[in-house]
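> Give me coordinates for this.
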Amino acid sequence: MTLRFTVLASGSTGNAFYIGTDKEKILVDAGLSGKQIDRLLSESSIDPNEITKILVTHEHSDHIKGLGIIARKYNLPIYANEKTWKAMEGSIGKITLDQKFMFNMEETKTFGDLDVESFGVSHDAAEPMFYTFHHQRKKVALVTDLGYVSERIKKTVENADALIFEANHDVSMLQMGRYPWSVKRRILGDTGHVSNEDCALALQDIIGDNTKRIYLAHLSKDNNMKELARMSVENNLREYGFSIGNGLEIHDTDPSSPTPIFNVI
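Numbers count the residues shown, from 1 in each chain. The predicted structure is shown next:
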């Protein structure tokens, strides 16, 4: 009865996450085309016909692009909060009433042998929220798309066995890059995205004795690089006294390739 997951895709171009047990198999977000999501699932040896539901974090297209297609193709129930449902209605096509379910912010739902807890984040969407997953005293936390990491979020995700955590941009790359100032200001603001440095700063309060793996997620295509994000986070964590590679591993994610399935044991 293992808890297992893969980051199917993560980045500014599209996001999808899979987590499952023997009884529950959940897709979180579907921010790529239906064809791409099918390919990513296939590469991870996940049968889409066995997926039990889709959870949605927020309505931005890099999180819902293929949501309607996948839900209709496999007749899957979709869970989102009321404001997110309203915000994404015009983007996902027709969804039948028996596929629409509410999952409120700051709520815990039990799906079979998996407890899922939702929590709010600061991002420029209708009511963005992310999730922690609990199964047999194991905990996996998914946290991206947030302008800053509040103390409440830290408490919610602290000491998770595995963390998928945003390291969106390198501040210098963003500041010197080609984006217009209005976009730069949005990304750097309190409802934008977390930088490599702020990711490491938050992680020092979140990592606990149980924490074995951290996946750096939602990297900007234009304002970050895997090597830079990993080096920045690792170096900062070492400065805070953490030993990397000695029971604590930092992993990359990719916008078009899934991470190997990891069994949380």
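> in the stretch 1-150 of the chain, which spans are helices?
Using DSSP state H, counting those that start in this stretch, the helices of the stretch 1-150 of the chain run over 34-43, 61-64, 67-73, 82-88.
> any chance of these in CSV, plus distance to residue 51?
(Each C-beta comes from the backbone N, C-alpha and C, glycine too.) Formatted as CSV, the helices of the stretch 1-150 of the chain follow (distance: least, Cβ to Cβ, whole Å):
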stretch, distance to residue 51
helix 34-43, 8
helix 61-64, 16
helix 67-73, 8
helix 82-88, 19
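> of those helices, which approaches residue 256 most closely?
Between residue 256 and these, the shortest gap by Cβ to Cβ is with helix 34-43, which sits at 7.6 Å.
> And the closest one, what's buried?
Using 16 or more other Cβ atoms under 10 Å as the test for burial, helix 34-43 gives 34, 36, 37, 38, 39, 40, 41.
> what does stretch 19-33 give?
Result for stretch 19-33 [16+ other Cβ under 10 Å]: buried residues 19, 20, 21, 24, 25, 26, 27, 28, 29, 30, 31, 32.
> from memory the fifth one sits against residue 6, does it?
Translated: residue 25. No - in this structure, residue 25 is not within contact of residue 6 by Cβ atoms under 8 Å, at 11.4 Å.
> Now for the two: what residues contact both?
Contact criterion Cβ atoms under 8 Å, 6 or more residues apart in numbering; residues shared by residue 25 and residue 6: 18, 46.
> Please name the residues that touch residue 240.
So residue 240 contacts 200, 204 (Cβ under 8 Å, 6+ apart).
> State the distance from it to residue 234.
Note on residue 240: its distance to residue 234, by Cβ to Cβ, to the nearest Å, is 11 Å.
> now do residue 244
For residue 244 relative to residue 234 (Cβ to Cβ), the value is 5 Å.
> Roughly how far does residue 93 sit from residue 33?
Distance, residue 93 to residue 33, by Cβ to Cβ: 13 Å.
> tell me, how many neighbours does residue 173 end up with?
Using other Cβ atoms under 10 Å, residue 173 is surrounded by 16 other residues.
> Need the pLDDT of it.
What the model reports as pLDDT for residue 173 is 96.
> Name the SS class of the residue nearest to it when sequence neighbours are not counted, please.
Counting by Cβ to Cβ, 6 or more residues apart in numbering, residue 173 lies nearest to residue 223, which is 4.6 Å off, once chain neighbours are set aside. Put simply, residue 223 is coil when judged by DSSP: H, G, I helix; E, B strand; the rest coil.
> wouldn't residue 223 be in contact with residue 178 here?
No - at 9.5 Å, residue 223 does not count as touching residue 178 under the criterion of Cβ under 8 Å.
> Compare the two (neighbour count), which wins?
Legend: neighbour count by other Cβ under 10 Å for residue 223 and residue 178, higher for residue 223 (25 against 8).
> What are the phi and psi values at that one?
phi -120, psi 20 (degrees, to the nearest 10).
> Same question for residue 172.
In this entry, residue 172 is assigned phi and psi values of phi -70, psi -40 (degrees, to the nearest 10).
> Next, the contact list for the spatially most central residue of the chain, please.
The residue lying closest to the centre of the chain (Cα atoms, centre = their mean) is residue 142, at 4.4 Å. Applying Cβ under 8 Å, 6+ apart, we find residue 142 in contact with 17, 28, 57, 130, 131, 132, 133, 164.
> what secondary structure does the last one sit in?
Secondary structure, three-state DSSP: residue 164 is strand.
> and it, what are its bridge partners?
Assessed by DSSP bridges, residue 164 has beta-bridge partners residue 142, residue 215.
> next one: the fifth one
With beta bridges defined as DSSP bridges, residue 131 has these partners: residue 118, residue 142.
> I figured it hits residue 118, correct?
Yes - contact criterion Cβ under 8 Å: residue 131 and residue 118 qualify, at 5.6 Å.
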